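Enquirer: missing the sequence, but the structure's below:
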């Protein structure tokens, strides 16, 4: 399955910070979600969610270390390399403080890489 690893951020003005709770995960690409179905009750389709800037994600945080699924605004997803996601998930097993410090270091690394 093709997915995009990410670090979840929040915005303080124009500055990205690690989300609360600290979270990493993978965002599914639209083509991985399966066929389109018309919903007679008017719910949005996966394509409509994606067009509105949302992504279907599997998220790992201090609140849900085993993973939680749901839609997340794409503006809060900072791309990671697969090896960075693996390192972050390993840090999660060492507790909240270690995980937060690891994600803060990742945020610094990723923002420097993007500039």
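Expert: Looks like it came in fine. Since we're looking at a predicted model, the values are computed, not measured.

Enquirer: This protein: strands as residue ranges?
Expert: 3-12, 15-18, 23-28, 54-61, 68-73, 77-79 (DSSP state E).

Enquirer: what's across from residue 15 in the sheet?
Expert: Beta-bridge partners for residue 15, by DSSP bridges, are residue 12.

Enquirer: pretty sure residue 92 is touching residue 101, no?
Expert: No. Contact status for residue 92 versus residue 101: not in contact, 11.6 Å apart, counting by C-beta atoms under 8 Å. The C-beta positions use only the backbone N, C-alpha and C, and glycine is treated the same way.

Enquirer: Between the two, tell me which one has more neighbours.
Expert: residue 92 (21 against 14; other C-beta atoms under 10 Å).

Enquirer: so how far is residue 21 from the more buried one?
Expert: 11 Å (C-beta to C-beta, to the nearest Å).

Enquirer: Next: residue 106.
Expert: 15 Å.

Enquirer: what's the answer for residue 27, then?
Expert: 18 Å.

Enquirer: Just want to know which of those two has more residues nearby.
Expert: Taking neighbours as other C-beta under 10 Å, residue 27 and residue 21 compare with residue 27 leading, 22 against 14.

Enquirer: contacting residues around the residue lying closest to the more buried one once chain neighbours are set aside?
Expert: Nearest non-adjacent residue to residue 27, counting by C-beta to C-beta, 6 or more residues apart in numbering: residue 55, 4.1 Å away. By C-beta atoms under 8 Å, 6 or more residues apart in numbering, the contact set of residue 55 is 27-28, 49, 71-74, 77.

Enquirer: Turn the buried ones among those into a named PyMOL selection, would you?
Expert: Buried residues within these, by 16 or more other C-beta atoms under 10 Å, are selected in PyMOL with:
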select buried, resi 27+28+49+71+72+77
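
Enquirer: By pLDDT, give me the weakest of the contacts of residue 55.
Expert: By pLDDT, residue 49 ranks lowest within those, coming in at 85.
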